[in-house]
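> build me a model from this:
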Amino acid sequence: MINILLDTLDFSADFLYEQLKRYIHPEDKVAVLAFSYRDRDVSCLADWNALYRKRDGLYYQNMVSPFLRYGIPEDHIKWINYYTDSKSKAAELIRGADILYLPGGLPDRMMERIDEFNLRSTLLEFQGVVLGYSAGALIQLEEYHLSPDQDYPEFCYFKGLPILKDFYLEVHYEGSDAQNEAIQRVLKERRKTVYAMVTDRAAIVIDGSKVRLLGEVNVFTPQLETIE
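Numbering: from 1, shown residues only. Modelled structure (predicted):
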């Protein structure tokens, strides 16, 4: 499995293209797991279609266009629909893909829907490239934190998929007091590196034991404890 953590919707941007084209190929098949939407935005199939349906979905074009630049035809991109796909169909689409795309939104709700569809083992067994934007990046971590924002009023830790275990992410980093306080809390409580990805200008590639930082990623490391 190759893990690509994104803080930009346009992963075909010039600062990423040359690095990512070694992982994204014209013949690849893509599965989009569109499970990260907010409950206030989607409560039925019509709402889901308004966001993700081919051609006229609000997010459709921005999510598909980067794949096209890498030469992947539109008919190679399959969407997993919470309202119309069965659990077995969702698993089949994932197993048949070379690339799994995890969109942004609410990471905790995405994990809940993944478990509702019994997809955890299917995701952990996936051998291709996992591209995750924002929430889709966070859930690739065994544990992730969220600093306070409009969706999450308080700092909190959540469990993701037990894939990446050695670091934490601060997504959409703008250097705000709330974000910096959250980072310092993680450094103190978890004693692991925090990668802060600047909004729309950062990505991280994990290829085996190699971690490659692309664009603007700030690295925060825990202080060594002094032994007296």
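
> quick one: the strands in this protein?
If you assign secondary structure with DSSP state E, the strands in the chain sit at 2-6, 30-33, 77-80, 99-102, 129-133, 143-146, 156-159, 167-173, 193-207, 210-220.

> what's the closest of these to Arg120?
Between Arg120 and these, the shortest separation by CB to CB is 10.8 Å, and it involves strand 156-159. All C-beta spots, glycine's among them, are computed from the backbone N, C-alpha and C.

> tell me the strands beside the closest one, with direction?
strand 143-146 (antiparallel) (DSSP bridges).

> for stretch 68-79, which positions count as buried?
Tyr70, Ile72, His76, Ile77, Lys78, Trp79 (16 or more other CB atoms under 10 Å).

> what pairs with the last one across the strands?
Residues found in beta-bridge contact with Trp79 (criterion: DSSP bridges) are Val32.

> ok, now how distant is it from Asp85?
Between Trp79 and Asp85 the distance, using CB to CB, to the nearest Å, works out to 9 Å.

> repeat for the fourth one
From Ile77 over to Asp85 the distance is 15 Å, taken as CB to CB.

> and if you look at the second one?
Distance, Ile72 to Asp85, using CB to CB: 21 Å.

> show me what contacts the closest residue to Glu174 other than its chain neighbours?
Take Glu174 and drop its neighbours on the chain: the residue closest to it by CB to CB, 6 or more residues apart in numbering is Thr199, 6.1 Å away. Remark: with contacts taken as CB atoms under 8 Å, 6 or more residues apart in numbering, Thr199 is in contact with Asp7, His172, Tyr173, Glu174.

> report the buried residues of the longest helix seen in the chain.
With DSSP state H setting the assignment, residue counts place helix 177-190 as the longest helix in the chain. Taking 16+ other CB under 10 Å as the basis for neighbour counts, the residues of helix 177-190 that come out buried are Gln179, Asn180, Ala182, Ile183, Val186, Leu187.

> quick one: those as a markdown table, columns for distance to Gly96 too.
Converted to a markdown table, the buried residues of helix 177-190 look like this (distance: CB to CB, whole Å):
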| residue | distance to Gly96 |
| --- | --- |
| Gln179 | 38 |
| Asn180 | 43 |
| Ala182 | 38 |
| Ile183 | 39 |
| Val186 | 37 |
| Leu187 | 41 |
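
> picking that back up, to Phe15, which of the strands of the chain lies closest?
Once CB to CB is applied to the strands of the chain, the stretch that comes out nearest is strand 210-220, at 5.2 Å.
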